[in-house]
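Participant: model this:
(one chain, ligands or ions: 3)
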Amino acid sequence: MSKLKKLKVIKFILNDKEVQYPGHPGVVVLDYVRYLKNLTGTKIGCREGDCGACTILVGEIVLDKMRYRSMTSCLMPLANANGKHIVTIEGVNMDILNPVQQAMSDEGATQCGFCTPGFVMSLAGFCLRDDVVDYQKEALAAIDGNICRCTGYKSIQRAVSKIAEICSKRAGEDVVKYVAKNKILPSYFENIKEKLAILQLSANASASIAKSEYFVSGGTDLYVQKHDVMPHSELSFLMNKNELQGITEENGICIIGAASSVTDLIESPIIRKAFPNFETYYKLVSSTPIRNMATIAGNLVNASPIGDFTAFFLALDASIEISDNVSTRIIRLKDFYLGYKKLSKKPNEFLKSLSVKLPSQKSRFNFEKVCKRTNLDIASVNSAMLMELDGSSILNANISAGGVGPTPMFLKKSSEYLAGKKVSLDVIEELLRIAQTEIAPISDARGTVEYKRLLLNQLIKGHFAVWYPEMINAEFLTM
Ligand SMILES: Cc1cc2nc3c(=O)[nH]c(=O)nc-3n(C[C@H](O)[C@H](O)[C@H](O)COP(=O)(O)OP(=O)(O)OC[C@H]3O[C@@H](n4cnc5c(N)ncnc54)[C@H](O)[C@@H]3O)c2cc1C
Ligand code: FES
Ligand code: FES
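Facilitator: Ligands and ions are numbered 1, 2, ... in the order given. Take a look at the predicted model:
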């Protein structure tokens, strides 16, 4: 039997119409809408998730409400669209320009127009959010994954400001009803939830996790690294599996389902409470559409030495639950990385969840990252650190570092050195010396060996500077 015969039909709503796709589920949504549906408003730019020209909206029913998130269709397999509402630029068009398009036009925020559908879709996604606190700030953040190479961002910023103003008038109404009633988006949006509920009855009948060449979650690593082979490979899609969803807490232990996206983490009240500075950390990681797709499990299994959430969870000494569908085992994340992209995992094993002890009141946690650009860039070096304190004494510390060796690193000797010490400049200096003995960076496009060694020193100092600003003076930081 050929691989294709085993695949089931994918059903979803594309703009205002229900569609069925019986082909390979690893084809990306971008190619499907452009080449099979002739919806060419969604543009092909980089095909790597960087430019945002291909941005679409993905809607699903969550807690009995429609929830829309922007995603880059160049990295999204059709399987992840199953049972959802996919909206392309054609799906937000009305008889006249919608207010987002009108604002872009009025403010001169489009020139060659190639990036414009992507900007409009990201902003349409913003108009559909019902959790906005600061409209101006968050509308601007909604386009952090869109790049324009010719207009200049000031005019786009003015258009964004106008849209934020329009959305801020909503005052508690159901957001989908509000945008439809006020002609911000077409009226068919109002009926999507009902239609989707019916469609999901058949679309949700997903198969169990099967043996395959690749497990696919958000696809944001796989479709960059192997975009040619994905639409021809045998794939097992994990993103829509109910058993891999959810972020829960019991007795200070947080369990994160493997298919949780970065945005799920951002929106989790458990994570927000345990990490009050989480916004500062996640703003350093990719962009809104990528965070909407990227899962934590994908970050851990990709095993990039500079994976940001890998460094984050290494410092929390997280454990991972691994399954082969028959049996399940739990190992500590720090024992997962055996060598460059070499994992303590068989090819047929997948991650089910991640469990982590949340920092207590007596703990301090911090994440730091340096990259060539502040936003939308991968790290040159990153580091996270957790310190449990008893008064002024350190009970226990965990330090992680990325970009300074072949794997994401847990700095064992450095962490052990701190146990029982009191924080002082002398202790930090010795810690820096020990940390340097544990790492083995190489020179590459992100920096020389010497630069990366210096960066790790600075990031570790940075953790202490956040916690003890009165102790860590400018002289210490620059020495
Ligand atoms: C534009 C762009 C910017 C980015 N910026 C950053 C950044 O700033 N920081 C950063 O850390 N990363 C960044 N990334 C990388 C990527 O987004 C993350 O690593 C993401 O977390 C990967 O998750 P995913 O679900 O998309 O993984 P996928 O691409 O689906 O999978 C990645 C790997 O994990 C495996 N896998 C996935 N889920 C499971 C599972 N449950 N069990 C077993 N194996 C599994 C896959 O087989 C594959 O080998 C960026 C990517 C892009 C495209
Ligand atoms: S084409 Fe550039 S993000 Fe998809
Ligand atoms: S208007 Fe030309 S790329 Fe933005």
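
Participant: which other residues reach the biggest helix by length in the chain?
Facilitator: Scanning the chain for the longest helix, with DSSP state H as the assignment, gives helix 449-467. Residues from elsewhere that reach helix 449-467, judged by C-beta atoms under 8 Å, 6 or more residues apart in numbering: 364, 366, 368-370, 380-383, 385, 387, 399, 401, 403-404, 423, 428, 431-432, 435-436, 439, 441-443, 446-447, 471-472, 476-477. Using the backbone N, CA and C atoms, a C-beta is placed for each residue, glycine as well.

Participant: Sort out for me which of these are in helices.
Facilitator: The helices, defined by DSSP H, take in 428, 431-432, 435-436, 476-477 from the contacts of helix 449-467.

Participant: where's the residue sitting furthest away from the middle of the chain relative to ligand 3, distance?
Facilitator: Using C-alpha atoms, centre = their mean, the residue of the chain lying farthest from its centre is residue 426. It sits 38.0 Å away. Using C-beta to the nearest ligand atom, to the nearest Å, residue 426 is found at 53 Å from ligand 3.

Participant: Can you point out the buried residues in stretch 394-406?
Facilitator: The neighbour-count check on stretch 394-406 (16 or more other C-beta atoms under 10 Å) flags 394, 396-406 as buried.

Participant: again but with stretch 444-452, I slipped
Facilitator: Within stretch 444-452, judged by 16+ other C-beta under 10 Å, the buried ones are 446-447, 452.

Participant: next one: stretch 359-377
Facilitator: Buried residues in stretch 359-377 (16+ other C-beta under 10 Å): 359, 363-371, 376-377.

Participant: give the contact list for residue 177.
Facilitator: Contacts of residue 177 were listed using C-beta under 8 Å, 6+ apart, and they are residue 190.

Participant: Smallest gap between the chain and ligand 1, at which residue?
Facilitator: When scored by C-beta to the nearest ligand atom, the chain has residue 298 as its residue closest to ligand 1, at 2.1 Å.

Participant: that's a helix at that residue, yeah?
Facilitator: Yes. According to DSSP: H, G, I helix; E, B strand; the rest coil, the state of residue 298 is that of a helix.

Participant: Quickly note the distance from the nearest residue to it once chain neighbours are set aside to residue 8.
Facilitator: Nearest in space to residue 298, with sequence neighbours left out and distances taken as C-beta to C-beta, 6 or more residues apart in numbering, is residue 217 at 4.4 Å. Remark: distance between residue 217 and residue 8 (C-beta to C-beta, to the nearest Å) = 19 Å.

Participant: So residue 21 is in contact with residue 31, correct?
Facilitator: No. Taking contact to mean C-beta atoms under 8 Å, the distance of 11.3 Å between residue 21 and residue 31 leaves them out of contact.

Participant: More neighbours: those two, which one.
Facilitator: Comparing residue 21 with residue 31 by neighbour count (other C-beta atoms under 10 Å), the higher total belongs to residue 21, at 20 against 17.
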